[in-house]
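Q: just coords:
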């Protein structure tokens, strides 16, 4: 059975930066703990919501058949959704335990665990990233379309 | 005319710091200072809060070692309640603390430091990180990732989440351990122990090639401080304070953490937000002491678990008396990692570990509470005063990294004398200074309770304060 891994990352206490967490919450009916007890509306999908990407994620990435990253972006018009197919790429200068890129994690999965699945990054352009746990109106308005595009991407492999 | 060198930023440590090196007119290094340039002020901003909030509030000081603050804070709150918390609660807190130390030691050794060993101290800084290790020595990187995950998973299993768990509360913990969770953790032990032992064997095979660094990395006589239990064994949660000198001779023993102000004083330097604690009877700066893994292995009579005891005996053969080179913090960290794994297993096999007596309930019964424990980086203390309603009136925290501040300064000075020639910083200086500081695994977020970035700057100053040379990373 094919396994999809969705990683939403950012700070859920900084408004739109929490979009990754919001996507995980929406897709798991609010059960963020599905990280330990996977039960979601979409079969065969494991959800991880984290503040930042860490080297440890290389292992679960290597075990998936498709990885989807969800993050907030600063470039573009607020609420704008972008989809990018990722390739593994070694981390550049400054790589550190606090600062890891999705492409760097894919490369680590390949080097360490011998397997690097296809991966897609979805970003949504943030309008505001101040203190708060609510999405801004343009990002909240774009959330249903983001969820639709993610579900469509998962359906491509399931 | 004299000179100052500044190193800014210092990388692969937790926080933001700057280094200044002072030269005299002859171009000789006269002083080197490690400045921590960030400030948050948790001791002030918690005033007026309910004491019950303190474990959660102070855990926010750090994302790497929140559990350490949880433990020290909860112990200070237990003291305010004037209760003896249930034995099972103590054991469960111990397991959480050991898991925290294991994951933090794995982060320090593998993620932050192993690149220096695998790729060399002068290799390309752009590749000298855990990802460079993954390319050059994938098995080492995999062990590091697995061992950090081991500690993080236990924290998550017990505390509900990896970062800032709220399971530890004044009076104990808020839920007992289930048989299922116990079995889940026990199942993880053999693999973790195997990886930790393999990592230590690897380190023992390579550290000899770093003889110049071992000789010069903060290698000097000092006092060493930490907690020991009543058998003189390694103790991370409770116990009494022991201090030994460079010859390994006990200077003070059985010191009650409640009387810390009798033996620890804190100096404040004008150029750093990091306080400089010292052993009060010896005065400042002669009372400089070191804490953390190296200090702990120097003060104990044994670890208290089988494999760690064997490794500790071998470690102590490195040097007659105390092991003085801070380079061997790395060695000590791996021995402690083994101890943590073994001790977690011992505690999980105690007959009462699944007991549901895990919390004592009480109102504040004392105006003052003190909690001391061992954090990954060394001895940590929280001290609170409350009013009759339990509102915090005053807070003092003595943080593990701060305890090492004087020694870190001296270590930087030692390297500076070796690498500064004339008005220039020689090639290799930045790498060595960073690596010396990294042996202590300082957590500047904790020690100043400050927001962390990761830069390093070194300034070379003339006697009149003119900046002659600046190196940044």
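A: Thanks, I have the structure now. Only a predicted model underlies this, so the values are computations on that prediction, with no experimental measurement involved. Residues are numbered from 1 along each chain as shown, chains lettered A, B, ... in the order given.

Q: and the worst-scoring helix or strand of chain A on mean pLDDT, how far from the chain's centre?
A: Lowest by mean pLDDT, DSSP states H and E among the helices and strands of chain A is strand A:45-50, with a mean of 90. Centre-to-centre, strand A:45-50 and its host chain are 8 Å apart (Cα atoms, centre = their mean, to the nearest Å).

Q: and it, which strands flank it?
A: If you go by DSSP bridges, strand A:45-50 pairs up with strand A:4-9 (parallel).

Q: quick check, whichever helix or strand comes after the strand it pairs with touching chain B?
A: For strand A:4-9, the succeeding helix or strand toward the C-terminus, using DSSP states H and E, is helix A:19-27. No: on the criterion Cβ under 8 Å from any Cβ of the partner chain, helix A:19-27 is out of touch with chain B, staying 12.7 Å away. C-betas here are computed from N, CA, C, even on glycine.

Q: average pLDDT across helix A:19-27?
A: With pLDDT averaged residue by residue, helix A:19-27 scores 93.

Q: ok, now stretch B:268-284?
A: Along stretch B:268-284, the predicted confidence averages to a pLDDT of 87.

Q: using the three-state scheme, assign residue A:134.
A: coil (DSSP: H, G, I helix; E, B strand; the rest coil).

Q: residues in contact with the residue lying closest to it once chain neighbours are set aside?
A: Nearest non-adjacent residue to residue A:134, counting by Cβ to Cβ, 6 or more residues apart in numbering or on different chains: residue A:15, 6.6 Å away. By Cβ atoms under 8 Å, 6 or more residues apart in numbering or on different chains, the contact set of residue A:15 is A:126, A:128-136.

Q: and if we set it to 6 Å?
A: Under the criterion of Cβ atoms under 6 Å, 6 or more residues apart in numbering or on different chains, the neighbours of residue A:15 are A:128-130, A:132.

Q: quick one: which two of these are the most distant?
A: When these are compared pair by pair using Cβ to Cβ, the two farthest from each other are A:129 and A:132, 9.2 Å apart.

Q: the residue in chain B positioned nearest to chain A sits in which helix or strand?
A: Scanning chain B for the residue nearest chain A gives residue B:126, at 3.7 Å (criterion: Cβ to the nearest Cβ). Per DSSP H and E, residue B:126 falls between elements, in no helix or strand.

Q: for burial, what's the neighbour tally of it?
A: Other residues lying near residue B:126 total 13 when counted by other Cβ atoms under 10 Å in any protein chain shown.

Q: state the phi and psi torsions of it.
A: Taking degrees, to the nearest 10, you get phi -70, psi -30 for the backbone angles of residue B:126.

Q: ok, it to residue A:91 distance?
A: Residue B:126 sits 9 Å away from residue A:91 when distances are taken as Cβ to Cβ, to the nearest Å.

Q: what's opposite the nearest residue to residue B:274 once chain neighbours are set aside in the beta bridge?
A: Taking Cβ to Cβ, 6+ apart as the measure, residue B:274 lies nearest to residue B:36, with 3.9 Å between them; neighbours along the chain are not counted. On the basis of DSSP bridges, residue B:36 takes part in beta bridges with residue B:17.

Q: just checking, residue B:36 touches residue B:272?
A: Yes: with contact defined as Cβ atoms under 6 Å, residue B:36 and residue B:272 form a contacting pair (5.0 Å).

Q: now name the helix or strand holding residue 139.
A: Chain wasn't specified; assuming chain A. Element membership of residue A:139 [criterion: DSSP H and E] is helix A:137-157.

Q: meant chain B actually
A: Secondary structure here is read from DSSP H and E; on that basis residue B:139 sits in helix B:138-159.

Q: shaky segments in the chain?
A: Since no chain was named, I'll use chain A. Low-confidence segments of chain A, defined by pLDDT under 70: A:30-43, A:92-99.

Q: think we crossed wires, I meant chain B
A: In chain B (pLDDT under 70), the answer is B:1-17, B:37-40, B:63, B:161-164, B:426-427, B:444-456, B:473.

Q: do that again at 50, thanks
A: Applying pLDDT under 50 to chain B picks out residues B:1, B:12-13, B:447-454.

Q: now residue B:237: closest residue in space, sequence neighbours ignored.
A: Looking at residue B:237 with Cβ to Cβ, 6+ apart, the closest residue is residue B:94, at 4.8 Å.

Q: repeat that for residue A:26.
A: Using Cβ to Cβ, 6+ apart and skipping the chain neighbours, the partner closest in space to residue A:26 is residue A:147 (5.8 Å).

Q: who has more neighbours out of residue B:36 and residue B:272?
A: Neighbours around residue B:36 and residue B:272, counted as other Cβ under 10 Å, are more numerous at residue B:36. The numbers are 26 against 20.

Q: now the buried members of the contacts of residue A:15.
A: With neighbours counted by 16 or more other Cβ atoms under 10 Å in any protein chain shown, the contacts of residue A:15 contain buried members at A:128-129.

Q: out of the contacts of residue A:15, which sit inside strands?
A: Secondary structure defined by DSSP state E assigns none of those to strands.

Q: which phi and psi does the residue nearest to residue A:5 when sequence neighbours are not counted have?
A: In space, not counting the residues next to it along the chain, residue A:5 is nearest to residue A:64; the distance is 3.8 Å by Cβ to Cβ, 6+ apart. Residue A:64 has phi and psi values of phi -90, psi 160 when expressed as degrees, to the nearest 10.

Q: check contacts around residue A:64.
A: Under the criterion of Cβ under 6 Å, 6+ apart, the contact list for residue A:64 reads A:3, A:5, A:117.

Q: separation between the first one and residue A:45?
A: When Cβ to Cβ is the yardstick, residue A:3 and residue A:45 sit 8 Å from each other.

Q: where does residue A:103 sit: helix, strand or coil?
A: Residue A:103 carries the three-state label helix when classified by three-state DSSP.

Q: so what's it up against?
A: Counting by Cβ under 6 Å, 6+ apart, residue A:103 makes contact with A:86, A:89.

Q: just to revisit the earlier point, next, the angle from the helix or strand harbouring the residue nearest to residue B:237 to helix B:138-159.
A: Taking DSSP H and E as the criterion, the element that holds residue B:94 is helix B:87-106. Orientation note: helix B:87-106 sits at an angle of 150 degrees relative to helix B:138-159 (axes from the mean of the first three to the mean of the last three Cα atoms, to 10 degrees).

Q: show me what helix B:87-106 is packed against.
A: With contacts defined as 3 or more Cβ pairs under 6 Å, 6 or more residues apart in numbering or on different chains; DSSP states H and E, the secondary structure elements packing on helix B:87-106 are helix B:66-81, helix B:138-159, strand B:172-173, helix B:329-348.

Q: what's the burial count for the nearest residue to residue B:352 once chain neighbours are set aside?
A: In space, not counting the residues next to it along the chain, residue B:352 is nearest to residue B:88; the distance is 5.3 Å by Cβ to Cβ, 6+ apart. Neighbour count for residue B:88, taken as other Cβ under 10 Å: 22.

Q: so what's residue B:88 up against?
A: For residue B:88, the contacting residues are B:352, B:355, B:357-358, taking Cβ under 6 Å, 6+ apart as the criterion.

Q: so how do I select the buried members of those residues in ChimeraX?
A: Selecting the buried subset of these in ChimeraX, with 16+ other Cβ under 10 Å as the burial test, is done by:
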select /B:355,358
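
Q: format the contacts of residue B:88 as JSON lines; extra columns: distance to residue B:21 and secondary structure.
A: Supplementary listing: these in JSON lines, determined by distance: Cβ to Cβ, whole Å; DSSP: H, G, I helix; E, B strand; the rest coil:
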{"residue": "B:352", "distance to residue B:21": "56", "secondary structure": "coil"}
{"residue": "B:355", "distance to residue B:21": "56", "secondary structure": "coil"}
{"residue": "B:357", "distance to residue B:21": "57", "secondary structure": "coil"}
{"residue": "B:358", "distance to residue B:21": "52", "secondary structure": "coil"}
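
Q: farthest-apart pair in the contacts of residue B:88, please.
A: Put simply, by Cβ to Cβ the two of the contacts of residue B:88 set farthest apart are B:352 and B:358, 10.3 Å from each other.

Q: follow-up on the earlier one: most tightly surrounded among the helices and strands packed on helix B:87-106?
A: Mean neighbours per residue, mean count of other Cβ atoms under 10 Å in any protein chain shown, is largest over the helices and strands packed on helix B:87-106 for helix B:66-81, with a mean of 27.
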